[in-house]
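Participant: kindly return the folded structure for what I paste below:
(one chain, ligands or ions: 2)
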Amino acid sequence: MSDDNILYECRLRGKYRLQGLRTTNPVAVGDLVYFKIETGKETAVIEQIEDRTNVIVRKSTNLSKAAHIIASNLDQALLVATIDQPRTSTGFIDRFLATAEAYHLHSTLVFNKIDLYTPAQMEELNKLKHIYSTIGYAVLEVSAETGQNLDELKALMKDKVSLFSGHSGVGKSALVNAIDSGLNVRIGDISAVHHKGKHTTTYAEMHPLSFGGWIIDTPGIKEFGLYDLEKETLAQRFPEMRNRMSACRFANCTHRSEPGCAIKQAVVDGQIADFRYKNYLNMMADAVSD
Ligand code: GDP
Ligand code: ZN
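Facilitator: Numbers count the residues shown, from 1 in each chain. Ligands and ions are numbered 1, 2, ... in the order given. Model prediction:
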């Protein structure tokens, strides 16, 4: 899309395709590119790709070191979650947050469907809100249905490139349509249709917001996680562990069974939430060693 918001179908110059890139896709969603409009046509040729401020990648499953860039130049990650209908597990939330940390992407949790929550569920939300906000993740509570707090969500997204994720059914499409009626997307669906029959699992879409900013939707978000989490650095992806691990007796403490572990002590003292620590242990069991 050009600066004056005209959409051109672009192709790459041969040289970009021929360079021995370590990525399986030379140009990715979110890239800033310079392109030249072809005379007398509505198509264009990409001349140059600007340096990326960050990327989220999926490592290829084959043994080559090539990675597929899912999206680039992101400002933030928004994880849409729900206490109920469907329930988002903290296991999923923590895996998402840790992966975003690995990419140095700041995350905000957006709990949707608050119009449906019982008093007990509101209480649970408040507990989660306290825990996550204490460790540095803002928590919004919204309803796409009633419009509650959507102005906060809009303010958060304005003029930013936001990764917009969450399990199917949490209300991503409903939220996007509620904050930007002009957009009218069914998040996820578009890409599902595009890729019918192909076995591409990660495919991102970028949509402009009428009030300024962009959302990046990645239906293959299940791929987002674990690939980039390594046992050796996993604790650093948990802000409340990162802050405390220098106090562990052993410099290479994995915070599982070592004596003198400041992390385990903080869990016992109630300074680190039990469920966060349990999720850390589960992720350690799954994470790769590099
Ligand atoms: P997506 O898969 O994340 O895009 O989810 P959808 O936007 O398709 O929403 C899934 C279902 O939840 C739909 O039936 C929506 O009408 C409903 N829904 C979405 N947001 C809310 C909300 O805030 N409150 C209530 N009660 N229902 C909602
Ligand atoms: Zn430790």
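
Participant: hmm, residue 245 and residue 258 touching each other?
Facilitator: No - look at residue 258 against residue 245 with CB atoms under 8 Å: they stay out of range, at 11.2 Å. No exception for glycine: its C-beta is placed from N, CA and C like everyone else's.

Participant: which one of these two is surrounded by more residues?
Facilitator: Shown here are residue 258 and residue 245; by other CB atoms under 10 Å, residue 245 has more neighbours (18 against 14).

Participant: would you confirm that that one contacts residue 252?
Facilitator: No - using CB under 8 Å, residue 245 makes no contact with residue 252, being 10.3 Å away.

Participant: residues from this protein in reach of ligand 1?
Facilitator: Counting by CB under 6 Å from any ligand atom, the chain comes close to ligand 1 at 112-113, 115-116, 143-145, 166, 168-174, 187-188.

Participant: let's see which of these end up in strands.
Facilitator: Within those, no residue falls in strands by DSSP state E.

Participant: of those, just the buried ones, ChimeraX syntax please.
Facilitator: Command for ChimeraX that selects the buried part of the residues of the chain next to ligand 1, burial taken from 16 or more other CB atoms under 10 Å:
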select :112,113,143,144,166,170,171,172,173,174,187,188
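
Participant: packing partners of the longest helix along the chain?
Facilitator: Ordering each helix of the chain by length in residues (DSSP state H) puts helix 119-134 first. With contacts taken as 3 or more CB pairs under 8 Å, 6 or more residues apart in numbering; DSSP states H and E, helix 119-134 sits against strand 107-111, strand 138-141.

Participant: tell me which of these sits most buried.
Facilitator: Mean neighbour count (mean count of other CB atoms under 10 Å) peaks for strand 107-111 among those, with a mean of 23.

Participant: same for that one, what does it pack against?
Facilitator: Secondary-structure packing of strand 107-111 (3+ CB pairs under 8 Å, 6+ apart): strand 76-81, helix 90-102, helix 119-134, strand 138-141.

Participant: pull out the buried residues from the second one.
Facilitator: Buried residues in helix 90-102, counted by 16+ other CB under 10 Å: 90, 92, 93, 94, 95, 96, 97, 98, 99, 100, 101, 102.

Participant: tell me the confidence at residue 285?
Facilitator: On the pLDDT scale, residue 285 is placed at 91.

Participant: pLDDT and distance to residue 133 added to the buried residues of helix 90-102, as JSON lines?
Facilitator: As requested, the buried residues of helix 90-102 are arranged in JSON lines below (pLDDT from 0 to 100; distance: CB to CB, whole Å):
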{"residue": "90", "pLDDT": "97", "distance to residue 133": "15"}
{"residue": "92", "pLDDT": "92", "distance to residue 133": "19"}
{"residue": "93", "pLDDT": "95", "distance to residue 133": "13"}
{"residue": "94", "pLDDT": "96", "distance to residue 133": "15"}
{"residue": "95", "pLDDT": "92", "distance to residue 133": "19"}
{"residue": "96", "pLDDT": "92", "distance to residue 133": "16"}
{"residue": "97", "pLDDT": "95", "distance to residue 133": "13"}
{"residue": "98", "pLDDT": "94", "distance to residue 133": "17"}
{"residue": "99", "pLDDT": "90", "distance to residue 133": "20"}
{"residue": "100", "pLDDT": "92", "distance to residue 133": "16"}
{"residue": "101", "pLDDT": "93", "distance to residue 133": "16"}
{"residue": "102", "pLDDT": "89", "distance to residue 133": "21"}
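
Participant: just those residues now: which is nearest ligand 2?
Facilitator: The closest of the buried residues of helix 90-102 to ligand 2 turns out to be residue 98 (CB to the ion; 16.6 Å).

Participant: contacting residues for the closest one?
Facilitator: 225, 229, 234, 237, 238, 283 (CB atoms under 8 Å, 6 or more residues apart in numbering).

Participant: name all residues that make contact with whatever residue of the stretch 151-290 of the chain ends up closest to ligand 1.
Facilitator: The stretch 151-290 of the chain approaches ligand 1 most closely through residue 171 (2.9 Å), counting by CB to the nearest ligand atom. Neighbouring residues of residue 171 by CB under 8 Å, 6+ apart: 80, 82, 112, 113, 144.

Participant: roughly how far apart are it and ligand 2?
Facilitator: For residue 171, the distance to ligand 2 equals 38 Å [CB to the ion, to the nearest Å].

Participant: got it, and residue 245?
Facilitator: 6 Å.

Participant: got the phi/psi numbers for that residue?
Facilitator: Dihedral pair for residue 245: phi -70, psi -20, per degrees, to the nearest 10.
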